[in-house]
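Asks: Got a predicted structure here, sequence first:
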Amino acid sequence: MSERERFSGTGRLLMGVAWVILLLGLWLWGREVTDVRHGISAPTTGDMAAVGRPPQPALPPAAKPLAQAAPLRLDIPVIGVQAPVVARGLDQQGAIDPPPFDQPGVVGWYGNGVKPGAAGTALFVGHVDTETGRAVFYKLSSLRPGATVRVVRDDGRVAEFTVEDVQVLTRDHFDARQAYGTREPGRAELRLITCGGTFDRANHEYTANVVVSAYLTGTGR
């Protein structure tokens, strides 16, 4: 049975609960979390496939943050993502509200937070799959350091980010500060988040979250 066939009406409700758990620390991220030492979020046991992969490539220096502008589209060429972005707010539980399940190809951006390209950490979320098939972030966990993420903004500029690591954080040990906090003060950073780990049939939810961290390294038009 495919994972998308495991969902039911109850499963969808529980997946919504899973998103609440995923973003439970959003208040801290938005109000208090402004600086996280790089060592805290550097590859650890939660880092993707650390054993057996090639050494991490040399990463480019950070670019100067851009002026404020809202995102319109998210492009990740290496995994074939070219998706519209919609601003999302918080639900009644205080967590970010992801795109509806009937919009699997759409990426949600926390519209009350940092704009991508500006100083701070901009937060993007997307589904890994739905009951009907794969969703926009299905291949997110396959990203590796050095990959490019582009955000087309409403000022006509394209903010170009470089992935610095990909982590899988289990729900039991999810650390909001680690996931959302700005690693280096003054940098423009990006987080891409979706479900990961294995699918828990009993609870109708995934056991972990994939968190991709990237930082601004250039601009285009």
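Replies: That came in fine, so what should we check first?
Asks: helix, strand or coil for residue 202?
Replies: Of the three states, residue 202 takes coil according to DSSP: H, G, I helix; E, B strand; the rest coil.
Asks: Please report how far it lies from residue 59.
Replies: From residue 202 across to residue 59, the span is 40 Å (Cβ to Cβ, to the nearest Å). Bear in mind the C-beta positions are built from the backbone N, C-alpha and C, glycine included.
Asks: Next: residue 145.
Replies: For residue 145, the distance to residue 59 (Cβ to Cβ) stands at 7 Å.
Asks: Show me the common contact partners of the two, please.
Replies: Residues touching both residue 145 and residue 59 (Cβ atoms under 8 Å, 6 or more residues apart in numbering): residue 164.
Asks: of these two, who's got more company?
Replies: residue 145 (22 against 15; other Cβ atoms under 10 Å).
Asks: So in terms of bridging, what pairs with the residue nearest in space to the middle of the chain?
Replies: Central residue of the chain (Cα atoms, centre = their mean): residue 192, 1.5 Å from the mean position. With DSSP bridges as the criterion, residue 192 is bridged to residue 124, residue 212.
Asks: So which residues of the chain form strands?
Replies: Secondary structure of the chain (DSSP state E): strands at 71-76, 81-88, 107-110, 120-125, 129-130, 133-134, 148-153, 158-170, 188-200, 205-220.
Asks: With distance to residue 181 added, can I get those in JSON lines?
Replies: Formatted as JSON lines, those follow (distance: least, Cβ to Cβ, whole Å):
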{"stretch": "strand 71-76", "distance to residue 181": "20"}
{"stretch": "strand 81-88", "distance to residue 181": "20"}
{"stretch": "strand 107-110", "distance to residue 181": "14"}
{"stretch": "strand 120-125", "distance to residue 181": "7"}
{"stretch": "strand 129-130", "distance to residue 181": "28"}
{"stretch": "strand 133-134", "distance to residue 181": "30"}
{"stretch": "strand 148-153", "distance to residue 181": "19"}
{"stretch": "strand 158-170", "distance to residue 181": "13"}
{"stretch": "strand 188-200", "distance to residue 181": "9"}
{"stretch": "strand 205-220", "distance to residue 181": "10"}
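Asks: is it possible to export those strands to CSV including mean pLDDT and distance to residue 98?
Replies: Converted to CSV, those look like this (pLDDT from 0 to 100; distance: least, Cβ to Cβ, whole Å):
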stretch, mean pLDDT, distance to residue 98
strand 71-76, 98, 14
strand 81-88, 97, 7
strand 107-110, 96, 5
strand 120-125, 96, 5
strand 129-130, 89, 11
strand 133-134, 93, 16
strand 148-153, 98, 18
strand 158-170, 95, 17
strand 188-200, 89, 9
strand 205-220, 92, 12
